[in-house]
Every structure is written in C-alpha cells, then in structure tokens.
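K.L.:
Could you work out the structure for the sequence below:
(2 chains)
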Amino acid sequence: MHRLETSFSYSDNHATDSYIAQSKTEHDIYVIYRRLNTTSNVGELKLEREKHIKFLERGLTRLSGGFVSLDASKPWIAYWILHSLDLLGTPMTEDLIKRGISTLSKYQNSTGGFGGGSDQISHVAVTYAAVNALAVLGTQEAYDIIDRENLYKWLLKLKQPDGSFVMSEGGEVDVRGAYCALSVAVLTNILTPELTAGTAEWIKKCQNFDGGIGGVPGIEAHGGYAFCALAAMEIMGKTDLLDIPRLLKWAVSLQMSLEGGFQGRPNKLVDGCYSFWVGGLFPLIEAILTRRQFERRNIAGEEDLAKFIAQPLFDQEALQVYILAACQSPGGGLMDKPYLNPDFYHTCYCLSGLSSSQHHIIYDLNGELLGNNDESTKKLSALEKSLLWVEEVLGENVVGLAENLLRPTHPIHNVSLNKARSIIKYFKEKEL
Amino acid sequence: TFNLWDNELSFVEDLLEKDVRNNSAWNQRYFAIFYNPTKPSEEFLKKEVEYGISKIKLAPNNISPWNYIKGIIAKSNIEITVLEELCKTYSQSDTISPHALGCLVDIYEDHVKRGLTDKKELGIKTCILLAEKHDTIRK
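P.N.:
Modelled structure (predicted):
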C-alpha cells in the first residue's frame, strides 16, 4: 500500500480520452485503497463466501428478463455458476447434479457438440462450457451424456485447412476455437493428430510485434486470446513455437501499477476478469521456463529439480488486493471494477484469477520423466500431461484471511484440479 | 486489388491525432505496413521509427509507441541502439518513463549479447532502479 501515491499514471501534459478514463478509474480505486490503509489492514481482507454463494445459487433457480441476451449462452451460465461454487468449496448436491445433467443434455445436438440452448446449432465455445460444467458436476452419469463420437466428427468439421478452427459451422475463425476444441478433446480423450494438424503453426502467426497474442494473425494482442493461445499450445506441447520471453514481457506490462489488477490490452482499463485471462498466463509461462531451464541443464534426480521451479512472475499480492478490495459487490457476486454490477462471468473469472494466484500450481516434471521411462518409451500424451499439474506443497500465498483460500484450478482447463483429473481419468480408459 | 490499403495509414494518423494512446490504432498501423502485399523498404521503416519517436515525445509514459518501435526494429536492419539517446532523455530525474528505463535494459542486453559485456553492470543497476522506484509492481 505504501506505493499508492507514486503509482498514479502520468498525464505527460498530454491528456487524451484514454488518459482521462484511466485517471478516473485510478481515483475510484485510490479512495478504496486509502480507506483500506487507514481503517484496517490488508491482512483483514475477507472474501465474502456466503454472499457470493447466495448470489450464485439464485442464478441457478431464477434469471431475470435481461438474461434473454444470453439465450445463446446457457451452458456458459451453468459453467460460470457451477465452477464458481466449486472454487468456493460448495459440494455438488444430488439434486443439482440431476438438474445439471438433465438441462445440459438437452443442449447437445445429435450431430455432435452442444448449442447455446435447445434447438441451437453447436458452437465450440458453449461446448467448452458444457463439458466443463459436466466436469464440475463430476459424476459418471454427467460424463456419460457426452456423445464423444459425434463430438469428434463435428470438431473435425470445424477444422480449417490452415490449422485454425471456426467457432461453429459457417462461423468465424479465432484462437478461442482452437482452445475450446482442444480443451474438450483432452478432457474427453478424443485428441488426435488429425485434430491438431497445423494448429500450432497457425497460432504462432497470432503472436504480435509487442509479444502479445491476438485473435487471428495481425489482430491486436489481447489477454483473452493470449490465454486461449498459450493454453492450446501447452496442450499440443508446441509452446516452443512462441516467443515466450516477449509474451512474458507483454503480460507483465499489463498489471496496473496502482490498481494491482490486470488490463486486457495496453492503455485500456483494469478489469477483474483479466485476473484469470492474463493472471492465468503465468502458471503456464512459469512451467515452460522451468522446463527449458531443466532441459538446458539436463540434470536427473529429484533434488535438483526443485532448484528450477520458476517463482511467480507477477505481483500476486497486488492482484489479490484488487479482487478482494475492489471487485466484491456488497450484495454478493464479483465484478469488473468498482461501481459496476456483478455478474456470473466476472464472478467466475475473478474467483478463477484469485485461485490461480493463491496457489502455486506447477507442472510435475519429475512425473513426466518417470512416465517417459516405461517400456513403450513413447512421449506422454496430452491427457497424461494434463494430469501432471499439481499444487506445490507449501506454495500457497493468501492475501487477507486464511479462509479466503479457494480450491485450486487447472491452469489449462479452468476447472478445479480434482474435477479435471476425475474426468480425464474416466475417459482415459475409453477408446473412441 | 481495390486500393484498400492506400488509405489505412492516413486513417490511422487521424486516430492517433485524436488519441496517441490508442493501442488498437498502433496495431492497425503495424498491420497496414506488414500485412500489405507491398513490402516496406528500409527507408520507410526508418521513417516509421522516427514517427514513433515523435509520438513518444508527446507522452513518454504511453507504452504503445515504445512497443511499436521495437516491433519495427525487429523486422528491419535498424539497431535498437538508435533509441539510446531517447531513453536517456527520459531517464533523467524530471521526466522519467519506466518504458525508457525498460528500453535501456533491452539495449544493454543487446550489447551483452554481442559480446560487449561492459554494459551488464549498468543493465542490472537499471533493473534495480525500476524494481525499487519507478515500476515497483513489476519487481
């Protein structure tokens, strides 16, 4: 907090609209932080679990008329709410699971994939949300409703000759397509070389001159797309195609000096959801750098590995202070920034970002080495690699009260670690 | 073609006149130059660096033109050391920009890569300056 007064952006005697908007945001947040400094200390910051749980549970029974704008995003609403509840440690009741299965199964199309609602054509983003929601529900019945065979056929239809994926048949191309397709493919064990052919090379083209990654080649770098790109590359084991140091520099530049949260693009405003989209880049980048260091030194043996584990490369405390002090709505739910309304999307991603910065989730290189030593000496599959993300023992970093600690989330799929492992292990045994 | 590319740069100029911090406009400028079927000449790129520098002078704490210039340099034969004087200007006590300091570190890193290790100390000192005073969130 001591850095408050010196952290305001400079006008450089050249105020423009961007500067004015930024300045206003900074002042709103300054007032909050100032109060924090004087009335209590950061150690007393509290995540209002009960309020958020009530807010989320209300959304599962009743949505107001305004939600008609999300009529094509019903699986997203399910995922945002269920994942948030799960991070908060809420158990999935039998009734909830039954309802969830019944509802989501109605959105699946016989031709493969899920649509935004009944009688809507399949779309890869809501398919991602539906599969993730089913993973959170976490039972065999939930997993079994996924029609894997047709899902695979449909994903192949979305695949373009240049390696990219469209979001739906006849829809637009962007890097979210690749991420959503590959993430569900890993969780349901339908990832094949045919599905990933050329995709890494296409994603590489999306990396921009400033080190960030955009939605399609040439488009402005953006936090959301950057996460999708990096996570997809990690699934494919092709992160070496990206310029990771420059991506890191770009990601790091997006943390706001005063606010502590992340912006989605340079010169834009802070937003709680980037706590995950940008904040979530770091566990992946740290794992990549750790791997590279390890390969360079070529050392075997568990004692030595610990030396190479990269430490958090951004200011985790500042991010958590932003989420806890500026993004919690008094009536429950979390939001983009102060004075805006909370919603399920921001609740999901603020909590995901909070979780991601509280835990140190690392890639178990040791486990990979052991896996590689079996008789077949084949390299680990993407599924097996997804299972290798673990919490570093004693690696937690919780700002505020100790009970603010959330369940850990999987750095690639963004469902809690245990739920991700459970669904992967279930489908791992099943052939296509 | 339909001459769609011809007016892009002047369109971007207008956007940047209105707001030099418009990151999307800077991206569009890069796109209009490098995704253009006609490849840019070295001369043209040198002018772009000068254009970027002129915009930095308007608001040295604006990160967009710093990113832009580094992007141009990476795709040309121009050396990053051309920015050294600019960086030093904005490393003085009354007009400090963390982007200038950051760029200095890049320049020193470039020196070191080419075997001129004398700048290593200076590079480390600059990082410490950034971490402790001018860009503490990124320590």
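K.L.:
List the contacts of residue A:392.
P.N.:
Shown in contact with residue A:392 (C-beta atoms under 8 Å, 6 or more residues apart in numbering or on different chains): A:309, A:359, A:360, A:361, A:362. Yep, even glycine has a C-beta here, placed from its N, CA and C like the rest.
K.L.:
Include neighbour count when you put those residues into CSV, please.
P.N.:
Putting these into CSV (neighbours: other C-beta atoms under 10 Å in any protein chain shown) gives the following:
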residue, neighbour count
A:309, 18
A:359, 24
A:360, 22
A:361, 23
A:362, 20
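K.L.:
Out of the residues you listed, the closest to chain B would be?
P.N.:
The closest of these to chain B turns out to be residue A:360 (C-beta to the nearest C-beta; 17.9 Å).
K.L.:
Which residue comes closest to the closest one once chain neighbours are left out?
P.N.:
In this structure, residue A:360 finds its nearest non-sequential neighbour in residue A:395, 3.1 Å apart by C-beta to C-beta, 6 or more residues apart in numbering or on different chains.
K.L.:
burial measure for residue A:208, as a count.
P.N.:
When neighbours are counted by other C-beta atoms under 10 Å in any protein chain shown, residue A:208 registers 24.
K.L.:
for the spatially closest residue to it that is not a sequence neighbour, what are its contacts?
P.N.:
Closest residue to residue A:208 apart from its sequence neighbours, by C-beta to C-beta, 6+ apart: residue A:221 at 4.5 Å. Listed by C-beta under 8 Å, 6+ apart, the contact partners of residue A:221 are A:207, A:208, A:210, A:211, A:212, A:213, A:214, A:250, A:265, B:27.
K.L.:
Residue A:152: which of those residues is nearest?
P.N.:
For the contacts of residue A:221, the minimum distance to residue A:152 (C-beta to C-beta) is 26.7 Å, reached by residue A:213.
K.L.:
Distance check, the residue of chain A found nearest chain B against residue B:71.
P.N.:
The nearest approach of chain A to chain B comes at residue A:209, 2.8 Å away (C-beta to the nearest C-beta). Per C-beta to C-beta, to the nearest Å, residue A:209 is found 3 Å from residue B:71.
K.L.:
What part of chain B, helix or strand, is modelled with the least confidence?
P.N.:
Sorting the helices and strands of chain B by mean pLDDT, DSSP states H and E puts helix B:120-129 at the bottom, at a mean of 80.
K.L.:
I'd say residue A:283 and residue A:355 touch.
P.N.:
No - Residue A:283 sits out of contact with residue A:355 when judged by C-beta atoms under 8 Å, with a separation of 10.7 Å.
K.L.:
what sits against residue A:72?
P.N.:
A:115, A:116, A:117, A:120, A:123, A:126.
K.L.:
And what about it, helix, strand or coil?
P.N.:
Assigned by DSSP: H, G, I helix; E, B strand; the rest coil, the conformation of residue A:72 is helix.
K.L.:
ditto for residue A:51
P.N.:
Using three-state DSSP, the structure places residue A:51 in helix.
K.L.:
and if you look at residue B:38?
P.N.:
Following three-state DSSP, we place residue B:38 in the coil state.
K.L.:
tally of neighbours for the residue lying closest to it once chain neighbours are set aside?
P.N.:
If you skip the residues right next to it in sequence, residue B:38 has residue B:5 as its closest partner in space, 7.6 Å away by C-beta to C-beta, 6+ apart. Taking other C-beta under 10 Å as the neighbour definition, residue B:5 ends up with a count of 15.
K.L.:
helix or strand for residue B:5, which one?
P.N.:
Of the helices and strands defined by DSSP states H and E, none includes residue B:5.
K.L.:
need the contact list for it.
P.N.:
Counting by C-beta under 8 Å, 6+ apart, residue B:5 touches B:32, B:36, B:37, B:38.
K.L.:
what about it, distance to chain A?
P.N.:
Distance of residue B:5 to chain A, given as C-beta to the nearest C-beta, to the nearest Å: 13 Å.
K.L.:
and the contacts of residue A:72, which two are the farthest apart?
P.N.:
Most distant of the contacts of residue A:72, by C-beta to C-beta, are A:117 and A:123, 10.5 Å apart.
K.L.:
In terms of neighbours, single out the busier of these two.
P.N.:
Higher neighbour count among residue A:117 and residue A:123: residue A:123, with 26 against 16, using other C-beta under 10 Å.
K.L.:
residues touching the residue of chain B found nearest chain A, list them.
P.N.:
As assessed by C-beta to the nearest C-beta, chain A sits closest to residue B:71 within chain B, at 2.8 Å. By C-beta under 8 Å, 6+ apart, residue B:71 lies in contact with A:208, A:209, A:210, B:30.
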